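Engineer: below are the sequence and a predicted model; questions follow.
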Amino acid sequence: MNTQRSWIICCFINFIVASIMGLLMRFAYLFPFKNINYIYLLHAHSHVAMLGWVYMMIFVLIVHFFIPKDKNDNPIYNQLFWITEFTVVGMMISFPIQGYALFSIVFSTLHILLSYFFCWLVWRDCSKDRGPAEKLLIVSILFMVFSTFGVWCLGPTINMLGKQSVFYQIAIQFFLHFQFNGWFLFAILALFVKQFKNEIETRQFRIFLTLLILGTFFTVAFPISWFVKDQILKCLNTFGFLLEVIAFVYFYKMLNPQINQFKANLDSLTQGTYVFALWSLSLKMILQLAVLLPNLTEVSHQIRNWVIGFIHLTTLGIITGFLFGILLQNNLLQRKAYLLKIGVKCFFFGYVITEILLFLQGIFYFLDKGLLFGYYEAIFGASIFIVAGLLLILISVLKTKTRFD
């Protein structure tokens, strides 16, 4: 088994484990566990999904597309991948047992330190002839490092102010915001732009990148406003959102001259996956607009269904959508394989149904209408499709003999 093929298999195993944990959490609403701590399982699910699936697959694709062949053959990348995977397995085991405690904190901290080393390797080895994709990539790894400042604030904050303090909550939201909207989003956009072979108009790209960076910084005001009530924060978030909207207008204008040629080289499954990811990105922007409304601003983070739905929209709809599209386009997943086609469709079907149920239930809570009839049974049933889809994809990959390097 060659190196990058084994990496991809490992990433999908992590994703399956995270999805099974999510399925168990939904099962717990139907048949509560006696010996399993729900919160501990939630921590395990979120860490394995973020760090075992999203981070690790971005790692794989960055090495594949951005590190020159003579450098990505360096065994340091393979060693780093498997040491990082060791920390993921450590979190996979320790979080369900003890939650945030000694071993889970050690593994999480080690993962951050290894990610710093990965960022340094990318900075060192990435092509010095930096086009738009490379510039997006560099910004993404800078955001990754920047996001971790929030994590390093947690220890001192707990000692001085306690877990219930406002500063503790802000530090967590700082980390999550710049992970999802900084590191992950910019890395995904870098990988996507890398698929466009023709020259991209420099001025439009520069405007797009500048506005998106500024928008990312300004919109951190939104999660901070949950804990600090100040009109200035709302104004900063609104300004940041407008910058992001304009940025993506330029993103469209920048890629539009190449869209037809780009689509012509895609099969229907890959094209549909990219469309799904782009629609998810559009829906994220619409929801960001909706929460600018005063009534929704105050309750958006209090209705848990909406919070989960928004997180899944980002991780499963946008990030995973783009990851799947890039894997399929480059035949890193055998897009003609029957099992793979069924698996991808099954995954997205389960995801769409769970999103509809989450947001619909959130609307019912917002309107004081109570619980949807059969809600827990329906969302558990839909989640089975997500797990089944990923299992089919993994089986397809295992059956594939194609080389990835």
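Structural biologist: Nice, thanks for sending it over.
Engineer: helices of the stretch 101-250 of the chain, residue ranges please.
Structural biologist: For the stretch 101-250 of the chain, helices defined by DSSP state H, counting those that start in this stretch occupy the ranges 102-125, 132-147, 149-160, 166-177, 185-194, 202-218, 221-225, 231-264.
Engineer: adding distance to residue 49, mean neighbour count and mean pLDDT, write these out as CSV.
Structural biologist: In short, each C-beta sits where N, CA and C put it, glycine included. Shown next, in CSV, are those (distance: least, C-beta to C-beta, whole Å; neighbours: other C-beta atoms under 10 Å; pLDDT from 0 to 100):
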stretch, distance to residue 49, mean neighbour count, mean pLDDT
helix 102-125, 13, 16, 94
helix 132-147, 16, 21, 95
helix 149-160, 17, 14, 84
helix 166-177, 13, 18, 91
helix 185-194, 15, 24, 95
helix 202-218, 21, 18, 95
helix 221-225, 19, 20, 90
helix 231-264, 24, 16, 91
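Engineer: can you redo those helices as a markdown table with distance to residue 78?
Structural biologist: Below are the helices of the stretch 101-250 of the chain laid out as a markdown table (distance: least, C-beta to C-beta, whole Å):
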| stretch | distance to residue 78 |
| --- | --- |
| helix 102-125 | 12 |
| helix 132-147 | 19 |
| helix 149-160 | 27 |
| helix 166-177 | 28 |
| helix 185-194 | 20 |
| helix 202-218 | 32 |
| helix 221-225 | 37 |
| helix 231-264 | 32 |
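Engineer: for residue 80, which of these is the nearest?
Structural biologist: Across these, residue 80 has its closest neighbour in helix 102-125 (6.1 Å, C-beta to C-beta).
Engineer: tell me the SS of residue 39?
Structural biologist: Under DSSP: H, G, I helix; E, B strand; the rest coil, residue 39 falls in the helix class.
Engineer: wait, it sits on residue 98?
Structural biologist: No: if you go by C-beta atoms under 8 Å, residue 39 and residue 98 don't touch, sitting 11.2 Å apart.
Engineer: picking up where we left off before, and of the helices of the stretch 101-250 of the chain, who's closest to residue 359?
Structural biologist: So among the helices of the stretch 101-250 of the chain, helix 221-225 is nearest, using C-beta to C-beta, at 18.2 Å.
Engineer: list of residues touching that closest one?
Structural biologist: Residues outside helix 221-225 that contact it (C-beta atoms under 8 Å, 6 or more residues apart in numbering): 170, 173-174, 176-177, 233-234, 236-237, 240, 288, 291, 297, 301.
Engineer: report the distance from that helix to the chain centre.
Structural biologist: Counting by C-alpha atoms, centre = their mean, to the nearest Å, helix 221-225 is centred 20 Å from the centre of its parent chain.
Engineer: let's have the contacts of helix 221-225 in TSV, adding distance to residue 28.
Structural biologist: Shown next, in TSV, are the contacts of helix 221-225 (distance: C-beta to C-beta, whole Å):
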residue	distance to residue 28
170	30
173	26
174	30
176	24
177	28
233	36
234	36
236	39
237	34
240	37
288	31
291	29
297	31
301	23
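Engineer: which one of these sits closest to residue 91?
Structural biologist: Nearest member of these to residue 91, counting by C-beta to C-beta, is residue 176, at 16.3 Å.
Engineer: who touches the closest one in this structure?
Structural biologist: 147, 150, 223.
Engineer: closest one of those to residue 104?
Structural biologist: residue 150 (17.4 Å).
Engineer: isn't that closest one right up against residue 178?
Structural biologist: Yes: judged on C-beta under 8 Å, residue 150 makes contact with residue 178 at a distance of 7.4 Å.
Engineer: quick one: the strands in the stretch 251-400 of the chain?
Structural biologist: Remark: no strands are assigned in the stretch 251-400 of the chain by DSSP state E, counting those that start in this stretch.
Engineer: mind jotting down where the helices sit in it?
Structural biologist: Along the stretch 251-400 of the chain, counting by DSSP H, counting those that start in this stretch, helices occupy 268-290, 294-299, 304-312, 320-329, 338-366, 375-399.
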